[in-house]
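# Take this sequence and fold it.
(chains A and B)
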Amino acid sequence: MGAAHELSILHELASFAEAVAHKARALARDVEVLVTRRDLVSFAIENRTLSPELKLGRLQVGLRALRDGRLAVAATTSFSVEENVAALRAALTAGRPTRLPDFSGHRLAVSTRGFDESLARFLREPQALQALAVDVRDRAFEAAQGRPHVESIEGRVTVQTRWTAMATFQGAGAALENTLSVSAEVNSARTEREVLRRWPADDAALRDLGARAVRAFPATTVTPDDLGLPASARVAALLDPDLVEALLRYAAHDKFLASSLSSGQTSLRPGDRLADPRLRLVDTGAPPELARDFDDELVPRGQTVLLDGGRFGGYVSSRASAHATGLPSTGNGARYPLLAEDVNEAPVRDRLLGLEMDGGARTADELVASLELAIVPRSLLGIHGADRARTAFSATVADGLAVRGGRVVGQLAPGRWNVSGRVLGGDGEPGLLEEAEPSRDRTFTGSALLPALLVTLTVG
Amino acid sequence: MFDGDGPWLRDEEAWLALGRGVLDRVRPRVAYADLVLEEVTKLEYTRLVSGDEVLKPFTRKSALQLRLVGDGGRHLSVSLGLLPLDRLGPALDGAVALLLTQEPDPRYGLAPVPNRERRRYGVPSPWDLASEDVQLAFDTLRAEVDALCARAAEGHGLTAQAELWCYAQVEEKLVLDTDGLVKTQVLPSTFLQVTAVVRDEATGRLTRQRTRLGETRPLGWLFDGGHPGRGLRRDFAETVGGCVRRAVLQQRGRRLSAEELARVTHYVLAPTAMVFVHEAEGHNFEADIIKEGGSGLFRRDGTPADDPFASLLVDVWDGQILRPDGTFEADGGFGTHFIDDEGVELVPVRLVRAGRISGKLHNRETAHHFGEAPNGHGFSELGDRRLVRMTNTYLHPSGPADWHASVEGLVADVPFGVWLEGSLGGAVSRDGMSTTIQYGRVIRDGRLTDEVLLPSNLSVVTRDSLKGVAGFAGPLRCDDPGFCGKGQTKTVTDGGPITKIRASPAITLGF
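Okay, the predicted model is just below:
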């Protein structure tokens, strides 16, 4: 079949977006239509049971219109041109003043860079994905034999296809992408996860993911007292790439945004020393894993060097913040929810998008082996509550290991390990990026390509 | 229209036709099927700290969640957009085909829906979401919040700005099954979030505080006399003003030192710090989590892991909110529904009675699994799979003992403690939980001082979380609205009276 079926859906959505924009010409000076559809097949691993779930044909439409210096916004889940135009008409009665002069006029080629035929078969034949889920589950339970401390095994195997089409009066773009994600969680405490944009040539490691999680789950837990750590001890920590990403996106995020500059929430200048000289961090890197060639404003994505040799490189911006600050537009306008609204309902805001950090000289294993005592936190509970004004965090380790002399000595006891710090320094306090060594090996998290980072955290 | 028990849905005939058409298509090939059709109509206002505003006067979204049950306990969940029936056909056929290939699950089943005969539930919304008063409402809101910010920052060399997010919505749902069940609900709700950002112009220091208001009421609920022309309700203006003042005060906030943290004898939690109850308690009582071995308080067979697990002073409830007279509010609480998304009426559930586990939260599947009655906690977010979810979760004293009239009485015996106020979300794993606390004050020698603390993180070992409860003060307040994520979003509230907890190794406060 090839991708013909998926491409026909993409062309249908692109035509729909252009039809809405065309029909709305009489209403406004410019209109922007964003249409997304996600289809998903998923199998939840609930110990021995598989729970299947399908999501099909769920459409989200985000609409913006400009008229007389005012911005109107609407959102629907309707595939009717008339209903969407009616929503815009209603929204135009409540437009708010805006600095946006117009919407993007880029006309971009259809992008299928993020689409892989080998993954698409799973949505067409969900039974094949079920077979993968069965394999992950059964191998995990096989590995759990003789490990009485393993009390529960959960996980999920999901394939998702996403269609995106945009249209303005002058511009158009469309993208097709898909992903496969596999996760396994042991005792609700240790998670292994992989996100793939193409089916691997050798899938043995993927099928073994659950078993790997089981084998890596220590039989013992350790508290700070067990390791002789005093209150508020400073401890070497190798941050898992997922955690590095969480700290960047939840704690430090606002400091890199042009919109924060205009509201006084950041005052960084290019060249400011922010981090270890070994760190280079780029937004929207080039690797093919980070798909879709345009942001949620139909601006082609480009690279923005955030840190180079540890020094601040520059801000990311949306069209509105670029216009307000005079900075270049970097293609970082994203419909990002303030909290719980759907993406198509969310305002367009400056947002870090795909992230890539250069690797270092030593592997993660070599870094850990070089230390007498270290913790390896993989996720923190409550990191989304980080203090974004100060880039500070204080959170509980949800999944992590203690390592002594290069050997794992136990799982960090749940609820007993509070770690804190600041990502970026300020108010006379150092940031953890100021002394940070990246690992040579990097992991694709689904939205970032990052190494592990060896830093120092406060443990209490 | 209103018919006896409750209002009609906006487009009830069309929905019934679509829902029955879907069930008729699958009925010959399945043992049972049910579905929930949901639609949310919303008006929404956002003002970012950058000053950019967005007003969406009218958005509407809808989806359908279909559950198929086959022979041998095979089951499958399908989420669909509301397309015409002829376009849904291939998806439905594909879903049935996939159902037939599932592994049998003899333990799977669904508890029956009680009170099948009653059809309508809910509250008609008197507020016309398309009315022109929308503009006045949000203009009033913005102007009052900005005035409160200016007043709080005046004379301190500070600037205060606020990010606003406000919405009013009407949610409608229709629940049908292949046995002829028909239930509907109409539910309005309003939500306001204000995040105050205060900046010291001299040092550049930034502090943030957030406050929320929310209720199952139409938009007029925010305003004096129900009309935006008269301004914010006085108590709500005080709440928002208090939030900005805390951000101002926190400019001189500090951390507790390691030595001070080691000396803490008690934590005193304001009702707005009770995300702790939602995370440490509530999630561990969700029966789907219990069933999979993810609860820190129950074994997988549903028996308590630790009994008693809490102080004898403590009850914990989820559902409708308890009044002082012992009755329950029928329609209050941001997390409230009349029926869940399976058509089961919501009932108040006492999860903990005088320190002992006494209940679980169920959907139909888990009620069947544990052989218990369903209690109306099966919810989905607009087409997603129906999971066990909380509604309004709160601590309550099990009796009058150690329940003080004022916070002064409660802290009189505290040598060195911490007052914690304002949760900024939280998260839970099987054995621990964590919540970010926005604001704190030192309690010293039996008095609540003006020493302000920076934001902190409260971590708790789940099983020991309520063992140290040592007293309460003031009335129950369960009016702190929020959104719980479990792969999908559900409106919730949490609360309690002011609660004092003895320090222990199970509780960690970090800065």
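# residue ranges with poor pLDDT in the chain?
Picked chain A for this. Low-confidence segments of chain A (pLDDT under 70): A:1-2, A:285-291.
# let's do chain B instead
Within chain B, the ranges that satisfy pLDDT under 70 run B:1-4, B:126-133.
# The helix ranked longest in it packs against which elements?
The helix that spans the most residues within chain B, counting by DSSP state H, is helix B:133-153. Packing partners of helix B:133-153 (3 or more C-beta pairs under 8 Å, 6 or more residues apart in numbering or on different chains; DSSP states H and E): strand B:32-47, strand B:53-69, strand B:158-177, strand B:182-200, helix B:234-249. All C-beta spots, glycine's among them, are computed from the backbone N, C-alpha and C.
# Among those, which comes closest to chain A?
Taking C-beta to the nearest C-beta, strand B:53-69 is the member of those nearest to chain A, at 4.0 Å.
# With mean neighbour count as new columns, can the helices and strands packed on helix B:133-153 be given to me in a markdown table?
Shown next, in a markdown table, are the helices and strands packed on helix B:133-153 (neighbours: other C-beta atoms under 10 Å in any protein chain shown):
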| stretch | mean neighbour count |
| --- | --- |
| strand B:32-47 | 23 |
| strand B:53-69 | 23 |
| strand B:158-177 | 22 |
| strand B:182-200 | 23 |
| helix B:234-249 | 19 |
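# Which single residue in the stretch 101-250 of chain B comes nearest to chain A?
Using C-beta to the nearest C-beta, B:L206 is the residue of the stretch 101-250 of chain B that sits closest to chain A, at 3.6 Å.
# Pull up the residues of the stretch 151-300 of chain A that are close to chain B.
Residues of the stretch 151-300 of chain A found near chain B (C-beta under 8 Å from any C-beta of the partner chain) are A:151-152, A:154, A:187-189, A:230-232, A:259, A:262-265, A:267.
# check contacts around whichever residue of the stretch 51-200 of chain A sits closest to chain B.
Closest contact between the stretch 51-200 of chain A and chain B, by C-beta to the nearest C-beta, is at A:S152 (3.1 Å). Residues in contact with A:S152, defined by C-beta atoms under 8 Å, 6 or more residues apart in numbering or on different chains, are A:N47, A:V186, A:N187, A:S188, B:E292, B:G293, B:G294, B:R300.
# Restricted to strands, list the residues you listed.
Using DSSP state E, the subset of the contacts of A:S152 located in strands is A:V186.
# quick one: which of the contacts of A:S152 is most hemmed in?
Highest neighbour count within those, by other C-beta atoms under 10 Å in any protein chain shown: A:V186, with 27 neighbours.
# can I assume it is in contact with A:R212?
No. With contacts counted by C-beta atoms under 8 Å, A:V186 stays clear of A:R212, the gap being 10.1 Å.
# Where does the stretch 251-400 of chain B get nearest to chain A, residue-wise?
Closest residue of the stretch 251-400 of chain B to chain A, C-beta to the nearest C-beta: B:G293 (3.1 Å).
# my read: that residue touches A:N47, true?
Yes. Between B:G293 and A:N47 there is a contact under C-beta under 8 Å: 6.7 Å.
# What lies in contact with the helix or strand containing A:A19?
Per DSSP states H and E, A:A19 falls inside helix A:4-23. Outside of helix A:4-23, the residues within contact range by C-beta under 8 Å, 6+ apart are A:31-35, A:37, A:61, A:63, A:79, A:81-82, A:84-85, A:88, A:110, A:112, A:115, A:120, A:124, A:161, A:163-169, A:172, A:174-176.
# Go ahead and report the secondary structure state at B:E365.
State at B:E365, reduced to three classes by DSSP: H, G, I helix; E, B strand; the rest coil: helix.
# what's the distance between it and B:E292?
When distance is defined by C-beta to C-beta, to the nearest Å, B:E365 is 12 Å away from B:E292.
# Can you name the element that comes right after the longest strand along chain A?
Longest strand in chain A by number of residues, with DSSP E as the criterion: strand A:49-67. Per DSSP H and E, the first helix or strand lying C-terminal to strand A:49-67 is strand A:70-76.
# re earlier: among the residues of the stretch 151-300 of chain A next to chain B, which are in helices?
A:S259, A:S262.
# Of the residues of the stretch 151-300 of chain A next to chain B, keep whichever come out buried.
A:E151, A:S152, A:E154, A:N187, A:S188, A:A189, A:S232, A:S259, A:S262, A:S263, A:G264, A:Q265 (16 or more other C-beta atoms under 10 Å in any protein chain shown).
# wait, which of those is closest to A:A24?
Ranked by distance to A:A24 (C-beta to C-beta), those are led by A:S259 at 27.1 Å.
# Looks like that closest one contacts A:S318 (just checking).
Yes. The criterion here is C-beta under 8 Å, and A:S259 meets it with A:S318 at 7.1 Å.
# Now for these two: what residues contact both?
Taking C-beta under 8 Å, 6+ apart as the criterion, A:S259 and A:S318 both touch A:R349, A:D350.
# could you pull out the helices for the chain?
No chain specified, so I'll use chain A. For chain A, the helices defined by DSSP H occupy A:4-23, A:81-92, A:117-124, A:126-144, A:204-207, A:209-215, A:241-246, A:258-262, A:319-325, A:364-369.
# meant chain B, my bad for not saying
Taking DSSP H, the helices of chain B run over residues B:12-26, B:85-100, B:133-153, B:234-249, B:258-263, B:275-276, B:287-291, B:364-370, B:407-411.
# list the contacts for A:N47?
Neighbouring residues of A:N47 by C-beta under 8 Å, 6+ apart: A:S152, A:I153, A:E154, B:E292, B:G293.
# Next: A:R198.
Contact analysis of A:R198 by C-beta under 8 Å, 6+ apart lists A:D116, A:S118, A:L119.
# and the gap between it and A:V110?
Separation of A:R198 from A:V110 (C-beta to C-beta): 19 Å.
# same check, this time on A:G302
Distance from A:G302 to A:V110, by C-beta to C-beta: 19 Å.
# Repeat that for A:A120.
Using C-beta to C-beta, one gets 16 Å for the distance from A:A120 to A:V110.
# Let me see the contact set for the residue of the stretch 251-400 of chain A found nearest chain B.
For the stretch 251-400 of chain A, the residue closest to chain B is A:G385, as judged by C-beta to the nearest C-beta, at 2.9 Å. Neighbour list for A:G385: A:A395, B:L424, B:G425, B:G426, B:T435, B:T436, B:N457 [criterion: C-beta under 8 Å, 6+ apart].
# pretty sure the first one is touching B:S434, no?
Pointing back at A:A395 there. Yes. In this structure A:A395 lies within contact range of B:S434 using C-beta under 8 Å: 5.7 Å.
# between those two, what contacts are shared?
Going by C-beta under 8 Å, 6+ apart, residues that sit against A:A395 and also against B:S434 are A:L380, A:L381, A:G382, A:N418, B:N457, B:S459.
# what's the neighbour count on the closest residue in space to the last one that isn't next to it in sequence?
Meaning B:S459. Excluding the flanking residues, the one nearest B:S459 by C-beta to C-beta, 6 or more residues apart in numbering or on different chains is A:T396, at 3.9 Å. Using other C-beta under 10 Å, A:T396 is surrounded by 33 other residues.
# ok, A:T396 - contacts?
Going by C-beta under 8 Å, 6+ apart, A:T396 touches A:380-382, A:414-415, A:417-419, B:432-434, B:457, B:459, B:508.
# For it, give the beta-bridge partners.
Taking DSSP bridges as the rule, A:T396 bridges to A:L381, A:N418.
# and it, how far is that from A:V459?
The gap separating A:T396 from A:V459 is 11 Å, by C-beta to C-beta.
# what touches both of these two?
Applying C-beta under 8 Å, 6+ apart, one finds that A:T396 and A:V459 are jointly contacted by A:W417, A:N418, A:V419.
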